[in-house]
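*Asks:* Model the following, please.
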Amino acid sequence: MWSNKDLTVLLCVENVDDWDILLNQLGSGEVFGPNQRLSLILQGCDQSQLEALSWDLQDCAFPLISGVSTCTVFANAGLQPDAVMVLLTNRLSNKTEKQTGHVRSCLNNLNLERDYDLLGLVNYTKSIAEKLADCNLNNARIVMLGDIAHVAASLFSSYLPTPLGAVHIIALDGMEGILPRQLAHNRGQMSKVTRFCHALRQLWSGQQVHQDKRVELGTKFVDTKQNNVNRKPTGYFFSGSVNLTGPATFSTRLAFDSNLNHMAKVKAETDAAIALAATVDGVKNDQDFLSYQVAHL
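*Replies:* Sure, this is the predicted structure:
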């Protein structure tokens, strides 16, 4: 799509152990194509670790990677990435069916504050959205990858100062769509990241590899009747079949291939997560106010 110029790709990876796999896929042309040169921005919490990754990339001498920079925060408010990839950690894939059921139950019953994994999802998506608030994302394609990515995409979208729609954000959930549940439990993280990258390459090129198989993406649908606490329309990301109409463009087929059980589950999980996020924000605001009062006694 942008093969004549370097593509600026911002990478936000929650689990440090997943960097090597994703960077190898990118450097090998398995995501944006074999002729697309990339300028990568690695975002994380540990600057020394990011710098080590940058040196490793230079040692590997990937011909498609023209430059690498690192950051923990985005001091450059004028940053305009062409693509943003957010790779979430495994929250459900490595759990047993019983453990997964417990996590899902916590999500549905709004007990997330007692579940470290899901509270981490809320905190991480908020932190990424806050870091990207000053970036120009108008022309960017943002992809949320990993377990509970549908919920993460909704949270991320709700935290942005300017809501972005399906044109800008898609979600590939490790437990839905591109990765059937049984595969998610039986295969390792390398297989999962590889499958994500394979799906993204089809989207980016606009060319479906297997014409007899459906391409499924988590795309955003807005519920205009139900608003969240910020009075913004609540967006739900549902996995559904799409028609690839060109490079990085698609049309949805959810109306024809909708899975009502899937939609009901995702909606319930998203509503609960947004309510939890509001609760966490309320508790934090109360704590900040109390700290302010104590500091001024």
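
*Asks:* For the helix or strand that contains Gln49, give the mean pLDDT please.
*Replies:* Assigned by DSSP states H and E, Gln49 belongs to helix 47-60. Throughout helix 47-60, pLDDT has a mean value of 84.

*Asks:* Then stretch 159-167?
*Replies:* 76.

*Asks:* Can you list the buried residues in it?
*Replies:* The neighbour-count check on stretch 159-167 (16 or more other CB atoms under 10 Å) flags Tyr159, Leu160, Pro163, Leu164, Ala166 as buried. Any C-beta I mention is one placed from the backbone N, CA and C, and that applies to glycine too.

*Asks:* Using PDB, write down the CA coordinates of the helix or strand that the helix holding Gln49 is followed by.
*Replies:* Per DSSP H and E, the first helix or strand lying C-terminal to helix 47-60 is strand 65-71. The C-alpha trace of strand 65-71 is given here as PDB (Å, rounded to 0.1, in the frame of the first residue of the first chain):
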ATOM      1  CA  ILE A  65      13.800  -2.200   8.400                       C
ATOM      2  CA  SER A  66      15.300   1.200   7.500                       C
ATOM      3  CA  GLY A  67      15.300   2.600  11.000                       C
ATOM      4  CA  VAL A  68      14.500   1.800  14.700                       C
ATOM      5  CA  SER A  69      13.700   4.200  17.500                       C
ATOM      6  CA  THR A  70      12.500   3.600  21.000                       C
ATOM      7  CA  CYS A  71      10.300   5.500  23.500                       C
END
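
*Asks:* Contacts made by the next helix or strand after strand 65-71 with the rest, please.
*Replies:* Downstream of strand 65-71, the first helix or strand assigned by DSSP H and E is strand 83-87. The contact list for strand 83-87, computed with CB atoms under 8 Å, 6 or more residues apart in numbering, reads 7-15, 18, 22, 32, 125, 128, 132, 137, 140-146, 152, 156, 193, 196.

*Asks:* What strand or helix carries Leu40?
*Replies:* Mapping Leu40 onto the secondary structure by DSSP H and E places it in strand 38-43.

*Asks:* so what does that strand touch, helix or strand wise?
*Replies:* When contacts are defined as 3 or more CB pairs under 8 Å, 6 or more residues apart in numbering; DSSP states H and E, strand 38-43 sits against strand 7-13, helix 19-27, helix 47-60, strand 65-71.

*Asks:* List the contacts of it.
*Replies:* 6-13, 19, 23, 26-27, 32, 50, 53-54, 57, 64-72, 74, 79, 81, 131.

*Asks:* export the buried residues of stretch 159-167 to JSON lines and tack on distance to Ala273?
*Replies:* Formatted as JSON lines, these follow (distance: CB to CB, whole Å):
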{"residue": "Tyr159", "distance to Ala273": "12"}
{"residue": "Leu160", "distance to Ala273": "16"}
{"residue": "Pro163", "distance to Ala273": "17"}
{"residue": "Leu164", "distance to Ala273": "18"}
{"residue": "Ala166", "distance to Ala273": "19"}
